[in-house]
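Trainee: when you get a sec, could you give me coordinates for this:
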Amino acid sequence: MNEFFEPVLALKDGVALHEEDGIVHKSVTYCTEEEYLHFDQSCVHKHEYFNGCLVQMPGASYEHNSVVVNLIWYLQSLLRETNFITMPSDIKVAAPDMRTFFYPDVSIIKDAPVFRKGDFDVVLNPVVVIEVLSKGSKERDFILKFEKYSQIPSLNEYIVVDSNSCYVRVAKRPETGDWRFGDAIIDINGSFHIAAIDKEIPLNEVYRRVVFKKRRKRPGL
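Mentor: You can find the predicted model right below:
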């Protein structure tokens with residue numbers, strides 16, 4: 001595997017960002033899909049895989065983790081007696097080309113998970129994927145991950161939730177044409193609808209006990 005590090009300002013063409021001591025770097029390790037899956041299963045730290053590039057996942061903030069826990073708890077309480085399953089970020093989701101594997105913060109599966117042959121931690125059939133935005137992840141989540149997730153045949157909705165401000169956007173699979181994000185929801189007393197499970201999700205539940213450190217520019221494109 002060939003690894004190198006150098007400073008970059010954006011995530012583009014399969015090159016990954018990470019930040020250390022206030023300096024943004026890119027960290028890329030090139031390997032095959034099988035090398036990646038074997039390495040990731042035996043490694044302490046989680047890695048994602050994008051078009052042949054192995055990407056170590058950065059640590060998450062308190063706010064990020066709080067939003068993820070709130071989402072999982074609330075969705076699980078809604079879906080407990082249904083045929084939908086809420087999954088945390090320890091389960092990988094694969095793009096159809098099997099050249100990209102992500103760890104979404106939250107995913108929802110209908111009926112039973114379909115696993116990649118030979119693997120029990122790589123799911124092929126999410127109906128909803130939710131990514132929680134953190135500082136520096138806007139381009140990755142809004143553009144690169146969105147492009148790959150939208151290729152999954154089972155996926156009906158892709159949702160981004162900011163962890164630094166009250167901000168949610170939902171993209172739905174259209175009957176015809178391209179996927180598009182809907183308008184941003186920024187009112188803490190508002191809610192967003194997940195059509196795949198036909199449930200309304202209040203933002204005050206998503207952001208329960210989350211205190212934003214300081215006012216930041218919202219991440220919308």
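Trainee: burial of residue 145, as a residue count?
Mentor: 24 (other C-beta atoms under 10 Å). C-beta coordinates here come from the backbone N, C-alpha and C atoms, glycine included.
Trainee: for it, give its distance to residue 55.
Mentor: Noted for residue 145: a distance of 11 Å to residue 55, by C-beta to C-beta, to the nearest Å.
Trainee: with only the CA atoms kept, save the top helix by length along the chain in CSV.
Mentor: Longest helix in the chain, counting residues (DSSP state H): helix 62-79. These are the backbone C-alpha positions of helix 62-79, laid out as CSV (Å, rounded to 0.1, in the frame of the first residue of the first chain):
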residue,chain,number,x,y,z
TYR,A,62,-19.2,16.0,21.7
GLU,A,63,-21.8,17.8,19.7
HIS,A,64,-21.5,15.4,16.7
ASN,A,65,-21.9,12.4,19.0
SER,A,66,-24.8,13.9,20.8
VAL,A,67,-26.7,14.5,17.6
VAL,A,68,-26.0,10.9,16.4
VAL,A,69,-27.2,9.4,19.7
ASN,A,70,-30.3,11.6,19.7
LEU,A,71,-31.1,10.5,16.1
ILE,A,72,-30.6,6.8,16.8
TRP,A,73,-32.6,6.9,20.1
TYR,A,74,-35.5,8.7,18.6
LEU,A,75,-35.6,6.7,15.4
GLN,A,76,-35.3,3.4,17.3
SER,A,77,-38.2,4.4,19.6
LEU,A,78,-40.3,5.2,16.5
LEU,A,79,-39.4,2.0,14.6
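Trainee: buried sites along it?
Mentor: Residues of helix 62-79 classed as buried: 63, 64, 65, 66, 67, 68, 70, 71, 72, 74, 75, 78 (neighbour count, 16 or more other C-beta atoms under 10 Å).
Trainee: and which of the residues you listed is nearest residue 184?
Mentor: For those, the closest approach to residue 184 (C-beta to C-beta) belongs to residue 67, at 15.7 Å.
Trainee: you'd agree that closest one is up against residue 210?
Mentor: Yes: the pair residue 67 / residue 210 is scored as a contact, 6.1 Å apart, by C-beta atoms under 8 Å.
Trainee: run a quick neighbour tally on the nearest residue to residue 71 once chain neighbours are set aside.
Mentor: Of all residues not flanking residue 71 in the chain, residue 106 sits nearest, at 5.1 Å (C-beta to C-beta, 6 or more residues apart in numbering). For residue 106, the count of nearby residues is 23 (other C-beta under 10 Å).
Trainee: what pairs with residue 106 across the strands?
Mentor: Beta bridges link residue 106 to residue 130, judged by DSSP bridges.
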